[in-house]
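Engineer: Return atomic coordinates for the entry below.
(chains A, B, C and D, ligands or ions: 4)
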Amino acid sequence: MNTSGPVALQLEQVRKSFGPVVALRSGSLTVHSGSIHALVGENGAGKSTLVKIIAGLYQRDGGEFLLHGKSVDFSSTAASKDAGIAVIYQEPTLFPDLSVTENLFMGRQPLGAGRRIDRKAMHAEARSLFKRLGVNLDPRRLAEGLSIADQQIIEIAKAISLDASVLIMDEPTAALSGVEVDRLFAVARSLRDEGRALVFISHRFEEVFALCDMVTVMRDGEYISTDPIAETTSAQIVAKMVGREVSDLFPKTPASIGAPVLQVSNLERAGVFHDVSFEVRSGEIVALAGLVGAGRSEIARAVFGVDPYDSGTVVLGGTKVPARNPRAAIRLGMGFVPEDRRQQGLVVDASVAHNVAAVIRGKLAKLGLITRAAENRAAGPWSGRLEVKTNALSMNAATMSGGNQQKVVIAKWLATDPKLLIIDEPTRGIDVGTKSEVHRLISELAGQGMAILMISSELPEVLGMADRVLVVNEGRITADIDRADATPESVMTAATNAGASA
Amino acid sequence: MTDTLVAPSRKSSAQRFVSTLLTSRESAIALVLVLVVLAATTQRKTFLFSSDSWRDLLLAPSILLLLAVGQAVVIITRNVDLSVGSTLALTAYLTGRLFVDNPGIPVILVFAIGIAVGALLGLINGLLVALGKVPALVITLGTLYIYRGVVLEWAGSNRINASDMPSGFLSLGTRSFLTIPVLTIIAVAVLVAVGYYLRTTRGGRELYAIGSDPDAAHLYGLNVRRRVAGAFVLCGALAGLAGVLFAARYGTVASNAGTGIELQAVGAAVIGGVAIFGGSGSVWGAAIGAWLLITINRALPIIGVQDFWQQAVVGVLIIGAIVLDRLLAVRRSRKLIEARDAS
Amino acid sequence: GGGSDSDGGGSGSDGKSVSVTFLPKNLGNPYFDTSDKGGKAAVKEFGGKFAEVGPQEASPDAQVPFINTAAQQGVNALVVSANDPKAIGDALDEAREAGTKVVTFDSDVEPQFRDLFINQASAEGIAKVQVKMIAEQIGDKGQVAILSAAANATNQNTWIDLMKKDLAANHPDIEVVDTVYGNDDDQTSFDKTSALLQKYPNLKGIISPTTVGVAAAARYVSDSDFKGKVKVTGLGTPNQMREYVKNGTVDAFALWNPEDLGYLAAFAAKALVDGDITGKEGDKFTAGKLGDYTVGKDATVLLGDPFEFNKDNIGDFDF
Amino acid sequence: MTITTDPATTATRTYASYAKPLWQRVIATREFAVIALLLIVFFYSRSEVPAFDGPLTVYYLLLDLAPILLIALPMTLIIITGEIDLSVASTVGLSSVLVGDLHQHGWSIPSAAIAAIVVGILCGAFNGFLVAYVGLPSLAVTIGTLALYRGLAVGILGTTAVTDFPEKWTDLAKERIGDSSYPVIIIPFLVLAIFFVLLLHFTSFGRGVFDIGLNDEAAHFSGVNVARTKFLLFVMAGAVSAFAGVYFTLRFGSARGDNATGMELRVIAAVLLGGVSIFGGRGALHGVIAGVLLIGVISSALRLEDVTDNIINIIIGLLLVISVMSTSFLSVVTRATTGIKKRGGSRPDERQQLASAHTEGKNE
Ligand SMILES: Nc1ncnc2c1ncn2[C@@H]1O[C@H](COP(=O)(O)OP(=O)(O)OP(=O)(O)O)[C@@H](O)[C@H]1O
Ligand SMILES: Nc1ncnc2c1ncn2[C@@H]1O[C@H](COP(=O)(O)OP(=O)(O)OP(=O)(O)O)[C@@H](O)[C@H]1O
Ligand SMILES: [Mg+2]
Ligand SMILES: [Mg+2]
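Structural biologist: Ligands and ions are numbered 1, 2, ... in the order given. Next up, the predicted model:
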C-alpha cells in the first residue's frame, strides 16, 4: 500500500446522543492525507452520526476533534466547508426546483463582471465534472425526479468540485451500478494521489477491500479497531462489527410451511418495478434482497396498497386485495412495517399508546367513541410482550431509541393479528441486542404460522432468516433462491447483473 | 441502475431561449393579458386609444405590481407576507403626515423615509419568522392586525387630503414621461432590479434554494435565517414604496388604505406562476399577474360584465393557475419516468 | 380615534350631565368629522358628556355593535347617521328600551326606530340645487352621470330619484347615462370616475351627491384631458373642493353646513333627554347659537336650505 | 398463537399509563393558560369596566361572537390536519346573499336557509376536492375560493342589500333563552361544539386527524384515509360557515355581498390563540373556544371604554404573535435540553415540544 502522509483528520472518543438515544458513545477515527480510510459498522453503529459531526451539522457532546492537528469546533456545515471538508451524505439532499448545475455550485457560483453569476462558465465546469465522472447528465436539467443513483452522482460531483483536503463519502455507492462504482473509484484514487484524505463508508466489503488503505470498525457507537486493509480479512471485520459469530445472530427456528397466503402476479409500475410475481406461504419467511434503489420497498408498498400500481393482482388468503387501499389490505390481514421508521412507521410525536393502538383503535371504540384509557388498556400488553423500554405509555415515541421505536411499530401490527406481515429493513439502525430480539421474534411469528415478507439490505440477515430469497434488480425479480442454495455470491450476482435468470 | 437517465440537451442557447419563451408561464399569462385588452378594446376602442385610458392601463397596476413583486420574493422562500396591506397604509399615511408636518420637505427624502419604514416593518416580520421559527402565515397575520391597528389609531378619523401635499409630489401620480406614467416607470425599474437580483446573483439563487428545500439548504450550509429575513425586508421596503406612491396617486389617504390588498398580491404572484410552496416562479410572472388582475378589473364593465363580478373572475384565475401548474407537473414527472424506463 | 372624553356614563338620565354619543356612518370621513365637531361643541356648550365612536367601513352590521355598546353604557342619547334604514332598526329599538334617546341625522332610518330625525336639507332642496348647478355648468344639455355613495344609502337614493324626475321634467336635453357607486371610499370613487369617463367618451358632467365622491371625481378630472370638458358638481366640503374650484375643474358645488347639522342634532338630543320635546309635530326647542327650531311631521327637524359654494365665496369657509 | 391472540398472558412487563400526574396534565397546557387568561380578563372587566357587569354584556357578546365560535369548530380540525381554509368568511357572505336573494324571490326563510347551507356544503366540497384529491396546497386553493365565493356573493346582489326580513325570523336570531342573558344561537353552537369535541377527541376519526397533522405519511401507512378525512373536514367547514351566514343575515337583518368580510382572519387568529399549532397535529377545542371568548371579552370591554376597534386589533395581533412565539420559545428550550435536532427545518423542533404538550395535555 502507498505511503500515506500526515494526519489530516483525527477524532478521539467523540460522544453524541439525541435525547435518550445514544448515537455515538466513543467514536474515534484517524485519517492520513493521501489515503482512503474505510469506516464500517452495522446499521446504526454511528457512522453517519460521526460524519455529521465532522461536517458541523451536529455538535459533539464530548471528545476531541482535530483537523490538520488543530482542534476545531464547527458551528455549521458552512464552517466545515470553509475548512476544506467535503461531505457526501447518506441521503442525497438536492434542491428539486433548481437545475443540476445550480445544485452543484449553489452559494459558490463562478462570478463574472459586476458579481453577476457566469452561467456559461458554470455549465462548462459542470460538464467537465460529469466528463471526469464519466456520466452524461444534462447540466441544465432540473434535479427533480432524478433517480437515487443520479442524485448520488450529483452529490459526488458536488463534493469533488469543492476540491477539499478531506473528502467523506457516506455510502456513496449504495445505489450505484458497477460501472459507476468503478469510475467513482478511479476518481477517488486520483484524489488520494493528489494527497487528499478520503473517508469511505460502505456495507459492501468487496468495495472496501478494492479501494481502501485502512479500515476502522465501529459497533454500537463505539470505536472497535483500525487496521491496514492488507492485514485483515472480511471475516475478521464482520466478527468485529457484530461482536460475535454471525451464525448465532439469527436464531431461526424451523417452521412448518403451509398453504400460500399472499399471491402477487405480474405487478407492474412504470419507472419503478416490472412484471413482479411471487407468493408467500404461511409459516414462510421470504426475503426480498437487492441493492438499495432496486425497488424492493416500492414493490412491498404497492402490495400493501400505499403506493399505486399500473397492472397486476395481489391476492391475500384467497381474496383479491384492492389496489391503493391500505385499509382493505389491513382488513384482509396484512401488516406492514415500513423501512423509514421515523417517517412512515410511527407518529413519533404521539404517545406509545397512541402508536400501538393506531391501527386497531377502530375496534376499541364503544358506540364509536374511544378514550385514552381504552388505548392504554390495549397498548400495555403488546408493549410488554415486546419489552418496549419506556417508563410510561404516554411517553413520546420520539424520545425512544431506534430499536424501541421499531418494537412499537411491530407491536402496532401484531395487535392487528395479521396473516401476512411485511417487514422492510427490520433492523435498520437498531442495536445488536435488539436486532437479534427482532430476528427471534420474526422467526417465532413464522413458527406460529404467520407469513413473513422481509426486505433487507443486509446479506447476513437475508441468508440467516429467509426460507426463500427473491432477488430484485432494477425493479425486476431476477432470482428465486431456496434457503439451501442461498449464498452471498448467488444473491450478489443476481442483485448486480440483470442477466441472471429468475 | 443505468449510468444515465437524460442526455445533455444539444439545443443552442438561442433555441433554448425561444422554447422557454414559448413554454414559460410568464408568456402564457402575458397572452391572457393581451387578449383581455384586445377584447375590451374591440368593445370600446377608447380602452386603449385615448391618452387617459392608455395612461390608466399602465398606471393602475403599478402599485399592486410593487406589492406582488415583494410578495413573490417572500413566497419563493416558502413563506408569505400578509402584512403588506397594512404596511402600505402606514407608509401612505406617514407620507401625508411628513408633508403636513414639515412643509417643504424634499420629495426624495419622503420616498427614502417611506421605504425605510416599510423595510423596518418587514424586518420585524423577518426576524419573528426566522428566529422564532414560527410560520410566516401566523406572524404576518398578527402583524397585519398590529400595523393596521397602529395606522388606524395614529390617523384616527383625520385623513390626508390632496391639498395637504405639494402638487409636485401629487403630479408624480399622474405625470407621464414619453406617454409612460412616472409611477409605472418606477414600478418597472424596481421589477427589473429585483428580477435581475433573483436571476443573476448568488443571494437571489439562494432564495430559490431555500424555498425549494429548507432542510437541504441548512444541510448545505446556506444562511437560511439571514436570507429569509432579507426577503421580508425587501418585501416590506417595496410595500413602503408602494405606500408613498399610493399617496401620490390617490392624493387622499385614509387609515383604511389598501385593506385586503395583501390577498390580491398573493393572488397575483400565484397567477403569475410563483409556487405557493416556494422554490419556483419569477417576479416577472408575479408582475404580469398583478397587471392582469387590475386590467381585468377595468375591462369587465366595458366587456359588459358588471364590475362586481371581477372578484369572482380573479378567484377563477387563481384556481385555474394552480390547477394548471399541477397538470404540467404531473405531465413532467410522467415524461421523466418514461425516460427512466426507456434507458 | 373616537374621542373618548366620556367615562362611558352608565348613570341614566340625571338632568345635570347629559351623555351624548355620536355614531357616524364610518370614521375617517371628513364630512362626519365636521358634523361631530359641531356636536361636540354643542355638548360642551350645555355641559354634557360627548363621545364619538364608529366602524371603519360604512356597513350596517359594523354599526350595530356600537349601538349595542351605547345601550349597555346607558348613554342618554345616541346620534346616528344610518348605514341602512332598516338593518340597524332592531338594535336602535333595544337601545331605546334601555332608555337611550335616538336621534338620526344626515341619513335616516324608518321613523318607528328613532325619536327624531335632523334633516340637513329637504330632499327636494338638495335635488333642485344640484340639478340647477349642473344645468348651468353644461349649458342645459348633454350626457351626465351620477357618482353616488353606497347603493343602499337612503338619502342618496331619494335625492337621485328626485334629481332624475326634475331633469326629465325641466331639462329634457340632459340625459342621465349611468349611476355608479363609490361606497364613500376615496379610491373606489376615483377609479369609478375613471371608468365612467372610459365608458362615456362624450360625457358632459358628473353629479356626486357625496363629499367623498365629488372630491375624488374632481381630482381625477382635474389632471385628465377631460379637465374643463367634463363638469363636476355635487355635495362637497370647501376644504376638499377648494383647489378644484381654484383650478377651474369645479364651477360650483353645494352643501349645508355639516357643523351646524351636528350642533343641531346634539341640542335636539338634549331637548329629548330633558323631556322638553317628545318628537311630536309642533314641539319647539332652542339650539344654542342656531336659534329656535320646530319639529315637523314624522318627527323631523329641518336644518335649512343647502348653500352654494363658488370661487367668490369659498374663501369664507373652513371645514 | 400466543403472541397474536392473547398478549396479556405472555406479557412480561407492565406500564404506568401516564408519566405525569393528572393535575400536571391538565394545568400545564396551552389550553389551560388560555382559559385562565380568559377568566382573569373577564372578572377584571366585571369589576373595573363600567357597565360590563350589566345584563346586556354577555348577551351581546355571544350574539357578536356566535359566527366566529361556530366557524372556529371545523377550522380547528382543519388546522390540526395541517391545512387551512381562508374561504370561510366568503362562504358566510355567499350564504347570506343567497338567503337574501331567495327571500326576495319569495322563498320562505327556512327553505332559503337550507338552500344556502347546501351551497355552503358545495363550496366546502370544492375546496376539499382540490386539496384532498387533486393535492393542491390549501393556502393557495382557499385564497382562490376566498375571492371566488366573495365574488359570487357580491356579484349576485351587487352593492344593494336585502333588509326586509320577516320580524319573526330576525327576532329569533336575537331571541334569549327564557329570560336569561343567553341568546338562543348558543344552543346550536353547543350542539355543534359537543359534536366536534366528540369527533376530534373521542373518535378514531379524530385520532386520524391528529395523525395526519403530525405525520400524514405515517397516518397513510397505518390505514388512515387521509384524503377522505381532509375532504370531509372542508365540507363541514363549508356547511357550518353557511349556517353562520344564515345567522349573520338574520341577526343584522341585512344580506349584503360584503357581509363578514375579513372574518376568516379573526377565526384563524382565535383558533391559533386557542393553542392550535399551525403546523398541525396539536390543539384542543376547549382551548379554541376559550380563545374566541377571550378575543370577544377583550373587544367588548374595550368598546365599553369607548376604545375603538383599532386598539382592539392591535391587542388581538399582539396576543396572536406572543402566543405562537411562546410555543416556539418553549421548543427552543426543550431542544436545548434534549438536544434533539433534526436537519434544519423548524417543523421537527416545533413538533418535539408541541407533541409532548399535546399528548400529555389533552382533556381527559
Ligand atoms: N436525529 C436523530 N435522532 C435520534 N436518533 C438518531 C438520530 N440520528 C441517528 N439516530 C440514532 O443513532 C444511531 C446511529 O445512527 P447512524 O445513522 O449514525 O448509524 P449508521 O452507522 O450511519 O447506520 P447506517 O449504516 O444504516 O447508515 C441509530 O440508532 C439511530 O437510530
Ligand atoms: N427521489 C426519487 N425520484 C425518482 N425515483 C426514485 C426516487 N427514489 C427512489 N426512486 C426509484 O424508486 C426505486 C426504488 O427506490 P428505493 O430506494 O425505495 O428502493 P429499495 O430497494 O427500497 O431501496 P432500499 O434498500 O432503501 O429499500 C428505484 O428505481 C429508484 O430509482
Ligand atoms: Mg449511515
Ligand atoms: Mg427500501
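Engineer: rest of the way, CA atoms for contacts and neighbours
Structural biologist: Will do.
Engineer: quick one: contacts for residue 200?
Structural biologist: I went with chain A, as the question did not name one. A:36-39, A:168-171, A:208, A:212 (C-alpha atoms under 8 Å, 6 or more residues apart in numbering or on different chains).
Engineer: Switch to chain B, please.
Structural biologist: Each residue near B:Thr200 by C-alpha under 8 Å, 6+ apart is listed here: A:116-117.
Engineer: how much space is there between it and B:Ser212?
Structural biologist: Using C-alpha to C-alpha, to the nearest Å, B:Thr200 is found at 17 Å from B:Ser212.
Engineer: Show me which residues of chain A are close to ligand 2?
Structural biologist: Within chain A, the positions lying close to ligand 2 (C-alpha under 6 Å from any ligand atom) are A:145-148, A:272, A:291-298, A:457.
Engineer: So which of those residues are in strands?
Structural biologist: Using DSSP state E, no member of these sits in strands.
Engineer: gap between stretch A:402-414 and the chain center?
Structural biologist: On the basis of C-alpha atoms, centre = their mean, to the nearest Å, stretch A:402-414 sits 18 Å off its chain's mean C-alpha point.
Engineer: any idea how far B:Arg331 is from C:Gly213?
Structural biologist: Counting by C-alpha to C-alpha - C:Gly213 and B:Arg331 are separated by 52 Å.
Engineer: State the number of residues packed around the residue in chain C positioned nearest to ligand 1.
Structural biologist: Of all residues in chain C, C:Gln56 sits closest to ligand 1, with a separation of 51.0 Å (C-alpha to the nearest ligand atom). By other C-alpha atoms under 10 Å in any protein chain shown, the residues close to C:Gln56 number 21.
Engineer: quick one: contacts for D:Asn313?
Structural biologist: Neighbouring residues of D:Asn313 by C-alpha under 8 Å, 6+ apart: B:145-146, B:148-149.
Engineer: same deal with A:Glu155?
Structural biologist: Counting by C-alpha under 8 Å, 6+ apart, A:Glu155 touches A:88-89, A:92-93, A:104.
Engineer: That one belongs to a helix, doesn't it?
Structural biologist: Yes: A:Glu155: assigned to a helix according to DSSP: H, G, I helix; E, B strand; the rest coil.
Engineer: returning to what we had before: looking at C:Gly213 and B:Arg331, which is more packed in?
Structural biologist: Neighbours were counted for C:Gly213 and for B:Arg331 using other C-alpha under 10 Å; C:Gly213 has more, 32 against 11.
Engineer: Listing request: residues of the stretch 151-300 of chain D with sub-threshold pLDDT.
Structural biologist: D:159 (pLDDT under 70).
Engineer: who in it is up against chain A?
Structural biologist: D:198, D:202-204, D:211, D:214-215, D:217-225 (C-alpha under 8 Å from any C-alpha of the partner chain).
Engineer: Mind doing that once more with 10 Å?
Structural biologist: Neighbours of chain A within the stretch 151-300 of chain D, by C-alpha under 10 Å from any C-alpha of the partner chain: D:198-199, D:201-208, D:210-225, D:281-282.
Engineer: Tell me which of the residues you listed fall in helices.
Structural biologist: Counted as lying in helices by DSSP state H, out of those, are D:198-199, D:201, D:204-208, D:210-221.
Engineer: Nearest to chain B: which residue in the stretch 101-250 of chain A?
Structural biologist: A:Asp138 (3.6 Å; C-alpha to the nearest C-alpha).
Engineer: residue ranges for the helices of the stretch 101-250 of chain A, please.
Structural biologist: A:119-133, A:148-161, A:178-193, A:205-211, A:234-242 (DSSP state H, counting those that start in this stretch).
Engineer: can you redo those helices as a markdown table with mean pLDDT?
Structural biologist: Below are the helices of the stretch 101-250 of chain A laid out as a markdown table (pLDDT from 0 to 100):
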| stretch | mean pLDDT |
| --- | --- |
| helix A:119-133 | 88 |
| helix A:148-161 | 82 |
| helix A:178-193 | 85 |
| helix A:205-211 | 87 |
| helix A:234-242 | 80 |
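Engineer: what's the closest of those to ligand 1?
Structural biologist: That would be helix A:234-242 among those, by C-alpha to the nearest ligand atom, at 10.9 Å.
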